[in-house]
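J.: Curious how this folds, go ahead:
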Amino acid sequence: MKDILTRGLATGVVVGLVSMFSGTAAAIPAGWTCTGNCGTLGADGDVTAAPGGGDYEWVSTDSGAAAGTFTHLGIGSETNGSNLLTGLFSAEAGDSLEFDFNYITSDGSSYIEYAFAQILDDTMTPVDLLFTARTTATPGADTVPGFGLPPIAATMTPGSTPIIAGAPDWSPLGGSSGSCFSTGCGYTDWIHSSYTIADAGNYYLLFGVTNWADTAYDTGMAIAGATVGGDPIDPPGDVPEPGTLLLLGLGLLGLRKSQFGRRA
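T.: Residues are numbered from 1 along each chain as shown. Here you go, the predicted structure:
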C-alpha cells in the first residue's frame with residue numbers, strides 16, 4: 001500500500017507549454033484538440049448515450065499524458081491525465097454556455113481523482129472554473145463540486161450529485177474498467193452544466209481529468225452537447241487555430257513528487 005499524503009494543499013500559478021496531439025481512440029470533433037487520451041463513443045457499458053441520443057466525447061487518465069505536460073488544477077500530487085480543448089468559438093454577453101458530462105472513476109478511498117471544465121479566453125487565460133467532480137468516501141455525498149477543489153461558477157442540474165457506487169464498466173478506462181478501489185468508485189450519470197458568459201469575445205472550453213497520488217485505477221469523463229447561445233460549439237471559419245497552444249493552469253508551488261508508492 002502507498003503512503004497517504006497529508007491534506008495540506010496550497011495553490012499557485014504554473015504556466016506550461018503543451019503540444020496538442022491526437023488521442024488514442026475514435027476521432028474527436030474537427031477543430032478540437034487532445035492532450036493524452038480522448039475520443040468519441042456511443043453508449044458503452046455504464047455510460048449511456050448522450051442526453052437526447054447520439055455520441056459523446058471523452059477524456060481518460062488511462063494512457064494519459066505525464067505530469068507537467070497537461071493542464072490540471074494544481075492542488076498537489078497530480079500524476080498523469082488528459083485534456084480536451086474545443087475549437088475557438090465566439091459568444092455574446094449573456095449567452096448561455098451549456099453541456100452535459102458524466103464522471104466515471106474506478107478509484108476511491110484516499111486516492112480520489114478529479115475532473116473539471118474551464119472556460120478560457122482567446123489568449124488561453126482561464127476566465128472561470130465551470131465545474132469540478134471528485135468523489136468522497138462518504139456515502140451519498142455530492143460529487144460536484146469536488147471536495148478540496150476551488151469554487152465553481154456554473155449551475156448543475158440535478159443539484160444533488162452522489163456517485164452511483166460500484167466498479168464502473170466503461171471501455172475508456174482500459175484495464176481499470178470493471179475494477180474498483182475502495183469506497184468512492186462509480187459514475188455520476190449525466191449532469192447538465194449551465195453558465196452565463198459575462199463579456200462578448202472568443203473563447204475555448206477545456207475539459208480535464210487527472211490521476212491523483214498514483215497512476216493506478218483510472219478515471220474519465222464523458223462530455224456531450226456543448227453549445228453557446230443555443231448553437232453547437234464548432235470552430236468558426238474566420239478564426240485561425242494555433243498549432244501549439246500555451247495553456248495556463250493552476251498549480252501547487254513545490255509540487256511533491258516523491259511520495260508515491262504502489263498499491264498491493
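
J.: quick one: secondary structure of residue 173?
T.: The three-state assignment at residue 173 reads helix, by DSSP: H, G, I helix; E, B strand; the rest coil.

J.: Just give the closest residue to it, not the sequence neighbours.
T.: residue 218 (4.9 Å; CB to CB, 6 or more residues apart in numbering). Glycine gets a C-beta too; all of them are placed from N, C-alpha and C.

J.: Would you enumerate the residues in contact with the closest residue to residue 89 other than its chain neighbours?
T.: Sequence neighbours aside, residue 233 is the residue nearest to residue 89 in space, at 4.9 Å (criterion: CB to CB, 6+ apart). Applying CB atoms under 8 Å, 6 or more residues apart in numbering, we find residue 233 in contact with 86, 87, 89, 205, 226, 227.

J.: again, 6 Å this time
T.: By CB atoms under 6 Å, 6 or more residues apart in numbering, the residues touching residue 233 are 86, 89, 226.

J.: mind checking how far the residue nearest to the last one when sequence neighbours are not counted is from residue 148?
T.: It refers to residue 226. Using CB to CB, 6+ apart and skipping residues adjacent in sequence, the residue nearest residue 226 is residue 99, 4.1 Å away. Residue 99 is 24 Å from residue 148, where distance means CB to CB, to the nearest Å.

J.: Please apply the same query to residue 51.
T.: In terms of CB to CB, residue 51 sits 29 Å off from residue 148.

J.: Then residue 183?
T.: Counting by CB to CB, the gap from residue 183 to residue 148 is 16 Å.

J.: Likewise for residue 168?
T.: 22 Å.

J.: Please say which of the two ends up with more neighbours.
T.: Neighbour count, other CB atoms under 10 Å: between residue 168 and residue 148, residue 168 has more, with 26 against 15.

J.: Give me the pLDDT for the residue most central in space within the chain.
T.: The centre of the chain sits closest to residue 208, judged by CA atoms, centre = their mean, with a distance of 2.8 Å. On pLDDT, residue 208 comes in at 97.

J.: list the contacts for it?
T.: For residue 208, the contacting residues are 71, 72, 83, 116, by CB under 6 Å, 6+ apart.

J.: all helices for the stretch 51-200 of the chain, in order.
T.: Under the criterion DSSP state H, counting those that start in this stretch, the stretch 51-200 of the chain carries no helices.

J.: which residues in it form strands?
T.: 56-60, 65-66, 78-85, 89-91, 96-105, 114-121, 126-133, 155-157, 164-165, 186-187, 191-196 (DSSP state E, counting those that start in this stretch).

J.: what about the fourth one, distance to the chain center?
T.: Translated: strand 89-91. Strand 89-91 sits 21 Å away from the centroid of its parent chain (CA atoms, centre = their mean, to the nearest Å).

J.: Show me what it is packed up against.
T.: Packing contacts for strand 89-91, counted by 3 or more CB pairs under 6 Å, 6 or more residues apart in numbering; DSSP states H and E, involve strand 201-212.

J.: quick one on the thing from earlier: buried among the contacts of residue 233? Need that as a selection in ChimeraX.
T.: Typed into ChimeraX, the line below selects the buried ones among those, using 16 or more other CB atoms under 10 Å:
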select :86,89,226
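
J.: Make CSV out of the contacts of residue 233 and add pLDDT and distance to residue 197.
T.: As requested, those are exported to CSV (pLDDT from 0 to 100; distance: CB to CB, whole Å):
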residue, pLDDT, distance to residue 197
86, 97, 14
89, 96, 10
226, 96, 13
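
J.: okay, the contacts of residue 233 in JSON lines with distance to residue 30 next?
T.: Putting those into JSON lines (distance: CB to CB, whole Å) gives the following:
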{"residue": "86", "distance to residue 30": "11"}
{"residue": "89", "distance to residue 30": "13"}
{"residue": "226", "distance to residue 30": "14"}
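
J.: Show me which of the contacts of residue 233 is closest to residue 140.
T.: Residue 140 lies nearest to residue 226 out of these, by CB to CB, at 29.4 Å.

J.: Which secondary structure state does the closest one sit in?
T.: Quick answer, by three-state DSSP: residue 226 is strand.

J.: Was I right to think it contacts residue 98?
T.: No: Residue 226 is beyond contact range of residue 98, at 7.4 Å (criterion: CB atoms under 6 Å).
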